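1. Any chance you could fold what I've pasted below:
(2 chains)
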Amino acid sequence: MALELTPCDMESDLYVPRPAQVVLVEPQTSMETLVRLRLESGEDLGHVPGQFVQLYLPAIGEAPFGLASSAGKPDASFDLCVRRLGDVTGAVHKLQPGEHVGVRGPFGNGFNMDELKGFDLLIVAGGIGLVPLRSVIQHLAEHRDDFEKITVLYGFKAPVERLFAADLEAWAQTMDVRLTIDRPHPDWDGHVGVITTLFPALEVVPQRTKALVVGPPIMYQFVLTECRLKGLVDDNILMSLERRMRCGVGKCGHCQINGKYVCTDGPVFSFSEVKHMWEAI
Amino acid sequence: MSVRVIDQAGIRQLVEKLQQEAKVVAPHRREGRDQWAFQEVTDPDLITLEYTTTTLPPKQFAWPPRETLIRARLGEGPVQAEPVVEVEPLVLFGVHPCDIYGLQSLDIAYCHEHVDPNYVARRQQMRIVGVDCVPDEWCFCASMGTASVDSGYDLFLTPLDGEYLVEVGTEAGEAMLEGITTREPTAAEIKEVKRRLAKKLDQDHKIHTDYHNLPLRFAGAANSPVWEKHAERCYSCGTCVLTCPLCMCFDVLDEIKLDLSETRRDRVWDGCMLEPFAEVASGENFREERFQRLRHRHFRKYAYLFTKFGRPYCCGCGRCVRQCLVHIDPVEIINDLLEEHEKGGVTHGA
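-> Predicted coordinates for the structure are as follows:
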């Protein structure tokens, strides 16, 4: 028996990237580079903070990247920040302004910014976890009056690994930004220690605080414990998870964590959801 | 919808008629072996309609092992990628109830939230003629509620003595029978369908609970030693995935034409039993251990997708255990879990 569908159900472009152009390339560290893109059509990507796109480099491949900028820029551009690790990311590092790429998405749920309104926000970024959180922080900076106290904790291994130095300075004007590096370094006179060592000095009112946590897998269990010790309930601890993804649309199976697909059910989950998923963190 | 009886000459007539409009694929015996494979029909007399099961399920005709999704011209200027959907009218002739259930389940998954254009285009051009089966010792369709189906076919054949009872499932099926010599069935012949089903349901290879209980039973089974016990023998070869009518995970590959004028992106079958399946760019592998992959595959079939789509993602065809080099058996795994549950020895995950 044939499958019967109406034409409006069809998504003939599901796997087809939209043409986009590189607007700006801005190396951040020896390993990470920021790439600013714009759709060739001039349309805004229309994403929400925390969503991701599949970046397509013809003949090389496609890979998922968290969006690193807030939506609705006047020039309709959006940022990705890519660590050099494999074929696609290696090629991303060679991109120059004016070059052409393809983009599918935005995909995933992203952070519900309306639900964050009226709360104190504790943003915890480990390493390149700051990349997807930059989309959130930019949004918060642009709508600063809609949100209460904002604290940004950002931990990285060494001073040369710091991302978005200018942004961090700008955010510090309206937010409490605290940085830490893992081990002492001659070029660093700030806080030293893993990110959890920033927690004891924090004043948190748990009833009106939501935490947004993104970092490497090893970081989660320790930061989640600290958040709970501060009195946050699991519903108010949000995190964005990383998995291998091939399709971005809930078909290929790669990003599945227990019963959830990171690409369509996530990548943003609350700890209430994640704690029942034994493969999550 | 009507019910008719068709004889062998009628079957030949029907296949030849269907071949006028579409490629017809049907089970054939593999030379010199007790094995069957779906192949394009060249001579209707070579079709085998009474068979236990085919080595590979018919999913390859809706979702080929390798297919192109997009194509893009290489060179200067914006990336111009276009969708590629290669499809032809097809009749799957002689499909067992379990495999029909498998295709219906893929339909659900491939149309959920996002509609997969390539899969759907193929399924829209596909007609299905089902046939009742002869279970062997590995089949466990009786346990999965898939020993019979009441939809998903245009025509369904039940062997009678040298003839077939034909149930018409759709208007397209009705049209297929136009001009074909058939006759009215007798009351006894109609009863034969129920008699065969009752006989089929009596299977020794069975799970010791109603399959509806499986998601609940699995909920407490994450930390069970059962997974390691069975995974000990597993080679992580992926045969179970390859032969499963409901396994549907894929990878994508980018290829370049030799003259560098064009690139294409293909999807190929992949499987969660293979080691790199859940590895991310940083090198972290979220299911590094064999038992984790075995557990994931079984949770997917009997818990995750069951809960998500309201039906088990296993049709009880038994191909995974039949073809497995060491016969890792989902029925044994499930029964071990049930036994452990009875003893109260299961702890919760997380």
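2. okay, the helix or strand bottoming out on mean pLDDT in chain B in CSV with CA atoms only?
-> When the helices and strands of chain B are scored by mean pLDDT, DSSP states H and E, helix B:187-201 comes last with a mean of 90. Coordinates of each C-alpha in helix B:187-201 appear next as CSV, following Å, rounded to 0.1, in the frame of the first residue of the first chain:
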residue,chain,number,x,y,z
ALA,B,187,-17.0,-20.1,3.5
ALA,B,188,-14.5,-22.8,4.4
GLU,B,189,-11.8,-21.0,2.4
ILE,B,190,-12.4,-17.7,4.3
LYS,B,191,-12.1,-19.6,7.6
GLU,B,192,-8.7,-20.9,6.5
VAL,B,193,-7.2,-17.4,7.2
LYS,B,194,-8.2,-17.7,10.9
ARG,B,195,-7.1,-21.3,11.1
ARG,B,196,-3.7,-20.5,9.7
LEU,B,197,-3.3,-17.5,12.1
ALA,B,198,-4.3,-19.7,15.1
LYS,B,199,-1.6,-22.2,14.1
LYS,B,200,1.0,-19.5,13.6
LEU,B,201,0.3,-18.0,17.0
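3. which outside residues touch the following helix or strand past that helix?
-> Using DSSP states H and E, the helix or strand that follows helix B:187-201 in sequence is helix B:214-219. For helix B:214-219, contacts defined as C-beta atoms under 8 Å, 6 or more residues apart in numbering or on different chains pick out B:207, B:209, B:298-299, B:302-303, B:306-307, B:312, B:334, B:337-338, B:341, B:348. C-beta coordinates here come from the backbone N, C-alpha and C atoms, glycine included.
4. can you check stretch B:163-170 too?
-> A:1, B:1-8, B:11, B:49, B:131, B:151-158, B:174, B:177, B:182, B:185, B:189-190, B:192-193.
5. Write a ChimeraX command that selects only the buried members of those.
-> In ChimeraX, a selection of the buried entries from the contacts of stretch B:163-170 looks like this (16 or more other C-beta atoms under 10 Å in any protein chain shown):
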select /A:1 /B:3,4,5,6,11,49,131,152,153,154,155,156,157,158,177,182,185,189,192,193
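6. Out of the contacts of stretch B:163-170, name the ones that lie in helices.
-> B:8, B:11, B:174, B:189-190, B:192-193 (DSSP state H).
7. helix/strand/coil for residue A:56?
-> strand (DSSP: H, G, I helix; E, B strand; the rest coil).
8. Bridged to it, which residues?
-> residue A:62, residue A:102 (DSSP bridges).
9. quick one: contacts for it?
-> A:17, A:62, A:101-104, B:79, B:81.
10. Enumerate every residue touching residue B:277.
-> Applying C-beta under 8 Å, 6+ apart, the residues contacting residue B:277 are A:244, A:253-254, B:249, B:270-271, B:287, B:293.
11. Remind me which helix or strand the most centrally placed residue in chain A belongs to.
-> The structure's chain A has its C-alpha centroid closest to residue A:132; by C-alpha atoms, centre = their mean the separation is 1.5 Å. Residue A:132 is part of helix A:130-142, with elements assigned from DSSP H and E.
12. Please name every helix or strand in contact with that helix.
-> strand A:61-66, strand A:77-83, strand A:120-126, strand A:150-156, helix A:165-171, strand A:209-214 (3 or more C-beta pairs under 8 Å, 6 or more residues apart in numbering or on different chains; DSSP states H and E).
13. Burial check on the closest residue to chain B within chain A, number of neighbours?
-> Nearest residue of chain A to chain B: residue A:253, at 3.2 Å (C-beta to the nearest C-beta). By other C-beta atoms under 10 Å in any protein chain shown, 23 other residues sit near residue A:253.
14. so what's the residue lying closest to it once chain neighbours are set aside scoring on pLDDT?
-> Leaving out its chain neighbours, the residue that sits closest to residue A:253 by C-beta to C-beta, 6 or more residues apart in numbering or on different chains is residue B:249, at 3.2 Å. What the model reports for residue B:249 is a pLDDT of 96.
15. from memory residue B:249 sits against residue B:241, does it?
-> Yes - here residue B:249 reaches residue B:241: they are 7.5 Å apart, a contact under C-beta atoms under 8 Å.
16. Give me the common contacts of the two.
-> B:269, B:271-272.
17. restrict those residues to those near chain A?
-> residue B:272 (C-beta under 8 Å from any C-beta of the partner chain).
18. list the contacts for residue A:123?
-> Neighbours of residue A:123 in contact, by C-beta under 8 Å, 6+ apart: A:133, A:136-137, A:150-153, A:211-212.
19. Pull out the buried residues from the helix or strand encompassing residue A:89.
-> In this assignment (DSSP H and E), residue A:89 forms part of helix A:87-92. By 16+ other C-beta under 10 Å, the buried positions in helix A:87-92 come out as A:88-89, A:91-92.
20. list the helices and strands that helix packs on?
-> strand A:52-57, strand A:61-66, strand A:77-83.
21. Now with 6 Å, please.
-> The contact analysis (3 or more C-beta pairs under 6 Å, 6 or more residues apart in numbering or on different chains; DSSP states H and E) places helix A:87-92 against strand A:61-66.
22. Also compute the angle for the strand it packs on relative to strand A:77-83, please.
-> Relative orientation of strand A:61-66 versus strand A:77-83 (axes from the mean of the first three to the mean of the last three C-alpha atoms, to 10 degrees): 110 degrees.
23. Please find the angle between the direction vectors of strand A:61-66 and strand A:209-214.
-> Going by the same axes, to 10 degrees, strand A:61-66 makes 160 degrees with strand A:209-214.
24. and residue A:55, how many neighbours?
-> Residue A:55 has 26 nearby residues by other C-beta under 10 Å.
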